[in-house]
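> Next come a sequence and a model predicted from it.
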Amino acid sequence: MSTPFTTVPTLLPGSSTTVDRWNGFDRRSFTFQGRPSCLVCPPQPLPGHPWLWRPTFLDAWPSADLALIKKGFHLAYTEVLDDYASPTGIRHGKAFHDFLVRAGLAAQCTFIAVSRGGLYAFRYAESYPGDIAAIYADAPVCDFSSWPGGKGQSPRAEQEFAQVLRSHGLTEAEVMAPSFQPLNRLEPLAQQGIPLIHVCGDADEVVPFEENTVLLAQNYRALGGTIEIIIRPGGRHHPHGLEDPSPVVAFIERHIRSH
């Protein structure tokens, strides 16, 4: 039987929360600043209430999420998919983070960043590195010019690229500039000592491995940052995750304990 939600003090006003089950766990769904949001609760929360944050694709291949919830982590989500890590989306995320922390969750969370969720996780961590304990990124976009910009191996995703321009209020040249890319803006993460673990297919046709994680890893290690990479040989962009998520789970547990 799941632990009552009230074990996290005053987390959500009961009148605005709906309760259902998500992959066998209690989920509290609510609206935060006008956006669909939810918190999935573990059967037995760990001391200190550590939590995971999925900025995109809550239901996509959640093997690591489920294993960690079972171990006592909460899982949070708020809708930022179409913000593409714009300042508006980051401000919303900061308010969401602070709301959950005031309610009783840990001051630092761990991102589970799938695909374009990488843009959000890295940009948020750049802006608020003290909020982040670790980042697990799965086939993450690390460079807007690679995807959706299509500067390299994958074609431009026209609709998504147009949304990036609108959400950021920038020109194409500004969005494509090297100085704008998350993989070139990692100093705050390295200074904070945020550990990264990436799971990637080396034949990813949408978010090319060499244009994203390979370059990010080079840059992060040059700054003294810690990153582990698990390669799925011959793996394409889908499916995400690992059939056995234990290496990711162990990485997150290890670094949560170290904080």
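Yep, that arrived.

> Which stretches in this protein count as helices?
Taking DSSP state H as the test, the helices found in the chain are 63-71, 87-103, 117-127, 158-168, 172-176, 187-192, 213-222, 246-258.

> Buried residues, the longest one. List them.
For helix 87-103, the neighbour count (16 or more other CB atoms under 10 Å) marks 89, 90, 92, 93, 96, 97, 99, 100, 101 as buried. Every C-beta, even on glycine, is put in place using the N, C-alpha and C of the backbone.

> between that helix and helix 117-127, how many degrees?
Counting by axes from the mean of the first three to the mean of the last three CA atoms, to 10 degrees, helix 87-103 lies at 70 degrees to helix 117-127.

> Could you pull up the residues touching residue 184?
178, 219 (CB atoms under 8 Å, 6 or more residues apart in numbering).

> So for it, what's the pLDDT?
Note for residue 184: predicted pLDDT of 98.

> separation between it and residue 106?
Distance, residue 184 to residue 106, by CB to CB, to the nearest Å: 29 Å.

> cool, residue 32 as well?
Distance from residue 32 to residue 106, by CB to CB: 18 Å.

> Same check on residue 125?
16 Å.

> out of those two, which sits in the more crowded spot?
Comparing residue 125 with residue 106 by neighbour count (other CB atoms under 10 Å), the higher total belongs to residue 125, at 24 against 20.

> Next, count neighbours for the residue nearest to residue 223 when sequence neighbours are not counted.
Leaving aside its chain neighbours, residue 223 sits nearest to residue 190 (3.7 Å; criterion: CB to CB, 6 or more residues apart in numbering). Residue 190: 19 surrounding residues under other CB under 10 Å.

> picking that back up, any chance of TSV for the helices of the chain, columns distance to residue 199?
Shown next, in TSV, are the helices of the chain (distance: least, CB to CB, whole Å):
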stretch	distance to residue 199
helix 63-71	9
helix 87-103	23
helix 117-127	11
helix 158-168	22
helix 172-176	26
helix 187-192	18
helix 213-222	9
helix 246-258	7
